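> Below are the sequence and a predicted model; questions follow.
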Amino acid sequence: MSRKHFTLYSYATGPNGWKVTYLLNELGLDYETKFLNTKEEYKSPEYLKLNPNGRLPTLVDHKNNDYTVWESAAILLYLVDKYDTKKKHTVTKDKDKYHIYQWLFFQMSGQGPYFGQGFWFTYLHSEKIPSAQLQYQNEARRILSVLESVLSKQEWLVAGKVTIADIAFVLWNNIINVLLGADVSFEKEFPATFKWHSKLIEIPGVKAGIAEKAFL
């Protein structure tokens, strides 16, 4: 059997690799996912040769001399720059390009860390620290409020269409009730953001990735 175009190294329960899965699906690109779900796997000497940070995801492009990219936002940018020839999920104008960067960096520096720490202190930390839980839940609400302030005025984050900027937010927003509590209404508190997210999870490549994750 011939080798796939890409190998994606990912983490089954982590958020960042799924961003890449969604985009690979949307662009119709051929790939194999290798899930590294233990520290021994993603800190192994073999994997550290690909990603010296020892984190996930990492993408290897076998049709580009095994070109390797790590950090999820960098991977998304690589894929649209090189393979989104129809500009389905990227843009052509500089003013829009830098807005894509802006939202990707906001997701990576804001949503990802704050939602991630909120999840850690709520479910994984050995000691329950209510003040830490509240801190990160409040930060999560702040991030959602920023999105709400923009999405209440426009349908998508950049250029009036779905781009990688939108797709990057899907996974964490998909588990808002896990983070903030079952009694929180995403739709009532952040109606424009909820509407945006509801459309994103129905995009075929995103929907396929969500279904795949559910079966792991």
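Thanks, I have it. Numbers count the residues shown, from 1 in each chain.

> And the contacts of stretch 189-209?
With C-beta atoms under 8 Å, 6 or more residues apart in numbering as the test, stretch 189-209 has contacts from 18, 21-27, 141, 144-145, 147-148, 151-152, 155-156, 162, 166-167, 169-170, 173-174, 186-187, 210. Where you see a C-beta, it was placed from the backbone N, CA and C, and this is true even at glycine.

> buried subset of those residues?
Buried subset of these (neighbour count, 16 or more other C-beta atoms under 10 Å): 18, 21-27, 141, 144, 147-148, 151, 156, 162, 166-167, 169-170, 173-174, 186, 210.

> From those, which land in helices?
Among those, the ones falling in helices (DSSP state H) are 18, 21-26, 141, 144, 147-148, 151, 166-167, 170, 173, 186, 210.

> Strands along the chain, start to end?
Shown for the chain, the strands assigned by DSSP state E span residues 6-10, 31-35, 58-61, 67-70.

> Present these as JSON lines; the columns should include mean pLDDT and distance to residue 194.
Formatted as JSON lines, those follow (pLDDT from 0 to 100; distance: least, C-beta to C-beta, whole Å):
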{"stretch": "strand 6-10", "mean pLDDT": "98", "distance to residue 194": "27"}
{"stretch": "strand 31-35", "mean pLDDT": "98", "distance to residue 194": "29"}
{"stretch": "strand 58-61", "mean pLDDT": "98", "distance to residue 194": "31"}
{"stretch": "strand 67-70", "mean pLDDT": "98", "distance to residue 194": "32"}
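
> Could you export those strands as JSON lines, including distance to residue 197 and mean neighbour count?
Converted to JSON lines, those look like this (distance: least, C-beta to C-beta, whole Å; neighbours: other C-beta atoms under 10 Å):
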{"stretch": "strand 6-10", "distance to residue 197": "22", "mean neighbour count": "22"}
{"stretch": "strand 31-35", "distance to residue 197": "24", "mean neighbour count": "16"}
{"stretch": "strand 58-61", "distance to residue 197": "25", "mean neighbour count": "23"}
{"stretch": "strand 67-70", "distance to residue 197": "27", "mean neighbour count": "17"}
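
> Can you say which of those strands is nearest to residue 109?
When the strands of the chain are compared by C-beta to C-beta, strand 67-70 sits nearest residue 109, at 16.9 Å.
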